[in-house]
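Undergrad: All I have is the shape, not the residue letters:
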Ligand SMILES: O=C(O)c1ccccc1NCC(=O)[C@H](O)[C@H](O)COP(=O)(O)O
């Protein structure tokens, strides 16, 4: 299963978290986020990471040329669209960055919101379901209604996000069947500062279900 740890700001933490077992790391390219990192900071982290780790830049309502420039200059391998990007936007981004994984994050507040997932599957590689928060785009620590997601089975791979922690991850995975998970605040000391003890505990919990 893919495990993405998001909101990395410190290169040495990215190496440690990859060593502990993460398969993907997320870097927040949204300037208003407390976890925001510059292109140069991402480039420095990427340079220290093994090739097999996915390096995902998280954007919200940025333009295609801005995203493309940051990806090319930093060495990111994937782009997570966390704003109100349309399926058409995802298609256009794919033309600009054909080799890069495109993830579309959907912030789910209801069953109806879940239905929009189908309109993206043709244009993205991966969906990510996150919790809806009226003021914050991501990293909120709020969980989704996992029961609502029991039948969720889109025609592309998907990641479960939203308020996952070492304490609740096994409960979530007993109810939902994603291709991977994404965690941020649940393994943090404070925004952008990951708690390596919590990350270790997370991988111990995940190993216990194998
Ligand atoms: O984390 C942020 O600060 C952030 C800001 C703006 C857009 C997206 C953001 N995070 C996206 C993520 O992928 C988080 O990992 C996801 O929202 C889950 O966060 P959490 O509930 O804290 O585990």
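TA: Nice, I can see it. Quick caveat, the model's predicted, so the values are computed rather than measured.

Undergrad: So what does residue 61 look like in phi/psi?
TA: Dihedral pair for residue 61: phi 60, psi 30, per degrees, to the nearest 10.

Undergrad: Spatially nearest residue to it (excluding sequence neighbours)?
TA: Excluding the flanking residues, the one nearest residue 61 by Cβ to Cβ, 6 or more residues apart in numbering is residue 83, at 3.6 Å. Where you see a C-beta, it was placed from the backbone N, CA and C, and this is true even at glycine.

Undergrad: quick one, strands of the protein?
TA: In the chain, the strands defined using DSSP state E lie at 2-6, 24-28, 54-59, 78-81, 101-108, 126-131, 158-160, 180-183, 188-190, 193-194.

Undergrad: Not counting the helix or strand of the chain with the lowest mean pLDDT itself, show me its contacts.
TA: In the chain, no helix or strand scores lower on mean pLDDT, DSSP states H and E than helix 111-115, which sits at a mean of 87. With contact meaning Cβ atoms under 8 Å, 6 or more residues apart in numbering, helix 111-115 is reached by 106, 107, 108, 129, 132, 148, 149, 152.

Undergrad: same thing but 10 Å
TA: Outside helix 111-115, the residues that touch it by Cβ atoms under 10 Å, 6 or more residues apart in numbering are 106, 107, 108, 129, 132, 144, 145, 148, 149, 151, 152, 154.

Undergrad: and the ligand, which of the strands of the chain is closest to it?
TA: When these are compared by Cβ to the nearest ligand atom, strand 2-6 sits nearest the ligand, at 3.1 Å.

Undergrad: Quick check: the residue nearest to residue 61 vs the ligand, distance?
TA: Between residue 83 and the ligand the distance is 8 Å, computed by Cβ to the nearest ligand atom, to the nearest Å.

Undergrad: Next, the contact list for residue 160, please.
TA: Neighbouring residues of residue 160 by Cβ under 10 Å, 6+ apart: 128-130, 143-144, 146, 149, 152, 169, 172-173, 175-183.
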